[in-house]
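Chemist: Sequence first, then the predicted structure, then my questions.
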Amino acid sequence: MNRQPFSPGEYRALVARMTPKSRFLRGYLRAFWVGGAICCLGQALTLWAETLHLGEVTAPMFTTGVLILLGTTLTGIGVYDRIGKYAGAGSAIPVTGFANSVAAPAIEFRREGPVTGVGARLFTLAGPVLAYGIATSVLVGLVYWLGKGGAA
Amino acid sequence: MSRAGAQTFVYDRPPVIAAHASLAGPKEGEGPLAAWFDELLEDDLLGQKSWELAEMEMVRRCVQRALDGAELAAEDVHALLGGDLNNQIIATSFAARSLGIPFLGLYGACATFVEALVLASALISAGDLGNAVCSASSHFCTAERQFRFPLELGTQRPPQASWTATACGSAVLLPHGAPGRLRVAAGTVGRVVDLNITDTNHMGAAMAPAVFDCIAAHLADLRRTAEDYDLIATGDLGWIGRNLLLALADRAGVGLPPEKLVDCGASLYSQEQDPHAGGSGCGCVASVSCGWLMKRLERGEFRRLLLVGSGAMLSPTSSQQGQSVPGIAYAACIEGGND
């Protein structure tokens, strides 16, 4: 009796054929409108902050702060995971999603204590974004500085 | 006890399944098999401080319920064989601590329950154990935090992902001749099979070749065909994995009639519950077999069941290091009715 009727290559092709595909178009549309709505909210907050004369440096910081507060609050009351299930990248990419990626492990690992739990796990998801984000900004800064003529 | 072929135990004195108990969580309690479980949990934390303690309490309660059914006191049990998905199988070992039963901890991923049945039956049939209780559990919330993401993270699951069942199943085995309508007649120890599936979400695809390998070995060792069984129940291949198993059998020329093949993971939830590919976890095959399948066997709806547990032998470390997902399966032939 042939107990392995498929080679790994043949089996992979079979699996690909028999596995339903994610509904990409629907996913794109949902990500677009939810992500767009979060960005519009951010823009509205910035415009409002400007009417309060917060200045062009403080206004974006105000906006970011409010959105992070919103993201963590919605995570804490168990709503953001549902938004994420619906919108995918649309709610993961904006700063509210970044807040969610920090707040979710903070909630999950609180039972392992403030140091080995929350402290150690807080940036398990956001850590790579921070590490490579900061590294990229340093690199871009360096290129910008060299383009300007460097130390000369 | 005698051996058949390369992988199969034939229990000359088939142990009796004297009692069994099943327990399932709130989501499973809304599924199509809800009425078959002995206890449905309203709160998946069970009043405990952590998910892990909740799963431990699930195991303790389920084992105790099975022991009560067999009218056996914990101190009279010779061994508890079982495991779960937690690192170092803490749910089952901590439950064993509370129960005070000699403990043989097993890890066969989601196939653990059937692994326990095969092994306990061998030990009882050979006369090495006077009785045993087999158990396996899983909890959605302990599995998610260990293998995937924090619960509150806003992510999407692909269609091939399975849903870890919050469930537990336990069965008490007594030596041949004890009262009880179910017997474990034979058991096959599967091989670890890997067809290089690297998508850790797609456990049905990773496990189907191992399940097919184990069923093929079982039938060859006992010189049987699928016709000798009234029902073949796989563990947690899910809807996609079940179709892959049928395709494997078809290609190999092994007759596996689709109407005889049920999958516990594909039966545990309805599509409306959005479990994607179906249920998974050690507790899936354990609770579904101890609830739905064994009760139907006892009612005489069918006589001979081939229960095939399926497991994906991955860890977060192996998958992060880019390794593929090996599968394992164990098969137990469970018979109802008179000798």
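Modeler: Perfect, thanks for sending it.
Chemist: how many neighbours does B:G300 have?
Modeler: By other Cβ atoms under 10 Å in any protein chain shown, 10 other residues sit near B:G300. Backbone N, C-alpha and C define where each C-beta goes, glycine included.
Chemist: Is it in contact with B:G336, as I believe?
Modeler: Yes - with contacts counted by Cβ atoms under 8 Å, B:G300 reaches B:G336, the gap being 6.5 Å.
Chemist: May I see the buried residues of the longest helix along chain A?
Modeler: Determined from DSSP state H, the single longest helix within chain A is helix A:24-51. Under the neighbour-count criterion of 16 or more other Cβ atoms under 10 Å in any protein chain shown, helix A:24-51 has A:27, A:30-31, A:34-35, A:38, A:41-42, A:45-46, A:49 buried.
Chemist: From the rest of the structure, what touches the helix or strand that contains B:T142?
Modeler: Counting by DSSP states H and E, the element that carries B:T142 is helix B:140-147. Applying Cβ atoms under 8 Å, 6 or more residues apart in numbering or on different chains, the external contacts of helix B:140-147 come out as A:108-109, B:25, B:27, B:44, B:51-52, B:54-55, B:85-87, B:91, B:150-151, B:163-166, B:281, B:316.
Chemist: Drop anything exposed from those residues.
Modeler: Using 16+ other Cβ under 10 Å, the buried ones in these are A:108-109, B:25, B:27, B:44, B:51-52, B:54-55, B:85-86, B:91, B:150, B:163-166, B:281.
Chemist: Tell me the buried residues in stretch B:73-88?
Modeler: For stretch B:73-88, the neighbour count (16+ other Cβ under 10 Å) marks B:77-86 as buried.
Chemist: Below-threshold pLDDT in chain B: ranges please.
Modeler: Along chain B, the parts satisfying pLDDT under 70 run over B:1, B:338-339.
Chemist: okay, which residue is most central for it?
Modeler: With distances taken as Cα atoms, centre = their mean, the residue of chain B nearest its centroid is B:V285 (3.3 Å).
Chemist: Against A:S22, how distant is that residue?
Modeler: 28 Å (Cβ to Cβ, to the nearest Å).
Chemist: Tell me the secondary structure of B:A331, please.
Modeler: Here B:A331 is recorded as strand under DSSP: H, G, I helix; E, B strand; the rest coil.
Chemist: Just give me the neighbour total for it.
Modeler: Residues near B:A331, counting by other Cβ under 10 Å, number 29.
Chemist: list the contacts for the closest residue to chain A within the stretch 51-200 of chain B?
Modeler: Relative to chain A, the nearest point of the stretch 51-200 of chain B is B:G154 (1.8 Å; Cβ to the nearest Cβ). Contacts for B:G154 (Cβ under 8 Å, 6+ apart) come out as A:75, A:80-85, A:87, A:91-92, A:97, A:100, A:104.
Chemist: and these near chain B, which?
Modeler: Contacts with chain B within those, counted by Cβ under 8 Å from any Cβ of the partner chain: A:75, A:80-85, A:87, A:91-92, A:97, A:100, A:104.
Chemist: mind listing what the residue in chain A positioned nearest to chain B touches?
Modeler: Closest approach between chain A and chain B, counting by Cβ to the nearest Cβ: A:G84, at 1.8 Å. Contacts for A:G84 (Cβ under 8 Å, 6+ apart) come out as A:91-92, A:97, A:100, B:153-156.
Chemist: Sort out for me which of the contacts of helix B:140-147 are in strands.
Modeler: In this view, those that belong to strands under DSSP state E are B:163-164.
Chemist: what about B:L237, how many residues close to it?
Modeler: B:L237 has 32 nearby residues by other Cβ under 10 Å.
Chemist: I'd say it and B:A210 touch.
Modeler: No - applying Cβ under 8 Å as the test, B:L237 and B:A210 come out as separate, 10.0 Å apart.
Chemist: Between the two, which contacts overlap?
Modeler: Common contacts of B:L237 and B:A210, defined by Cβ under 8 Å, 6+ apart, comprise B:S310.
Chemist: Count residues in the vicinity of B:E301, would you?
Modeler: Using other Cβ under 10 Å, B:E301 has 12 other residues around it.
Chemist: And chain B, what are its domain boundaries?
Modeler: What automatic domain parsing lists as the domains of chain B is B:2-174, B:182-335.
Chemist: Next: chain A.
Modeler: Split by automatic domain parsing, chain A gives A:22-121, A:126-152.
Chemist: Return the most buried member of the ones you listed.
Modeler: Highest mean neighbour count among the domains of chain A (mean count of other Cβ atoms under 10 Å in any protein chain shown): domain A:22-121, with a mean of 17.
Chemist: Just the mean pLDDT for that one, thanks.
Modeler: What domain A:22-121 shows for mean pLDDT is 95.
Chemist: element containing A:S137, please.
Modeler: Here A:S137 sits within helix A:127-147, counting by DSSP H and E.
Chemist: contacting residues around that helix?
Modeler: For helix A:127-147, contacts defined as Cβ under 8 Å, 6+ apart pick out A:98, A:101, A:123.
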